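A.B. asks: Sequence first, predicted coordinates after that:
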Amino acid sequence: MKINKRHDELSQKIFKMGNALVNEGTKKKDHVITNIGNFMVLVSGLIYDENDVNLFGELCAMFSAKKVLDSQNEGFIDKFENMNEDEIINMYEKLRDDIGDMGLNDTEDDDFDEDFNDDD
């Protein structure tokens, strides 16, 4: 495998910075600094393989997307838990109508509450 000179330079710099952070975090007993250093050491090794860089980038993107969704949904579960059955049915029917308005409606035309009986 031919090593790209610039990738090698970057790898060495990232490794040195990561190693310094690991040492700092260990001395200060700060696990956040230590782990950031460990991440940098990992990245310094990934830099040599484009597929590894792409895969790691995708993993980071998925993690970022999860964090965004989590922050947007804070409190949503609390609101949902405090809803009564009629409010839940109305919310579902509104969502179904909105989906239909977007042209994505593949649901049947029967009412949501008809799917439930008193035994549920």
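C.D. replies: That came through fine. Predicted model only: the values in this text are computed from it and were never measured. Numbering: from 1, shown residues only.
A.B. asks: for the protein, what helix or strand is lowest in average pLDDT?
C.D. replies: Least confident element among the helices and strands of the chain, by mean pLDDT, DSSP states H and E: helix 76-81 (a mean of 68).
A.B. asks: Show the subsequent helix or strand relative to that helix.
C.D. replies: The C-terminal neighbour of helix 76-81 among helices and strands, as given by DSSP states H and E, is helix 85-101.
A.B. asks: Okay, buried residues for that next one please.
C.D. replies: 89, 96 (16 or more other C-beta atoms under 10 Å). All C-beta atoms are positioned from the backbone trio N, CA, C, and that covers glycine.
A.B. asks: And for stretch 22-40?
C.D. replies: Within stretch 22-40, the residues scored as buried using 16+ other C-beta under 10 Å are 22, 25, 33-34, 36-38, 40.
A.B. asks: For it, list the C-alpha coordinates in CSV.
C.D. replies: Provided in CSV are the C-alpha atoms of stretch 22-40 (Å, rounded to 0.1, in the frame of the first residue of the first chain):
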residue,chain,number,x,y,z
VAL,A,22,-4.6,11.2,26.8
ASN,A,23,-1.7,12.1,29.0
GLU,A,24,-3.3,15.3,30.2
GLY,A,25,-6.6,13.6,30.9
THR,A,26,-4.9,10.8,32.8
LYS,A,27,-2.9,13.2,35.0
LYS,A,28,-6.0,15.3,35.7
LYS,A,29,-8.3,12.2,36.0
ASP,A,30,-10.5,13.9,33.4
HIS,A,31,-12.1,11.1,31.4
VAL,A,32,-13.6,13.5,28.8
ILE,A,33,-10.1,14.8,27.9
THR,A,34,-8.7,11.3,27.9
ASN,A,35,-11.5,10.0,25.6
ILE,A,36,-11.1,12.9,23.2
GLY,A,37,-7.4,12.0,23.0
ASN,A,38,-8.3,8.4,22.3
PHE,A,39,-10.7,9.5,19.5
MET,A,40,-7.9,11.5,17.9
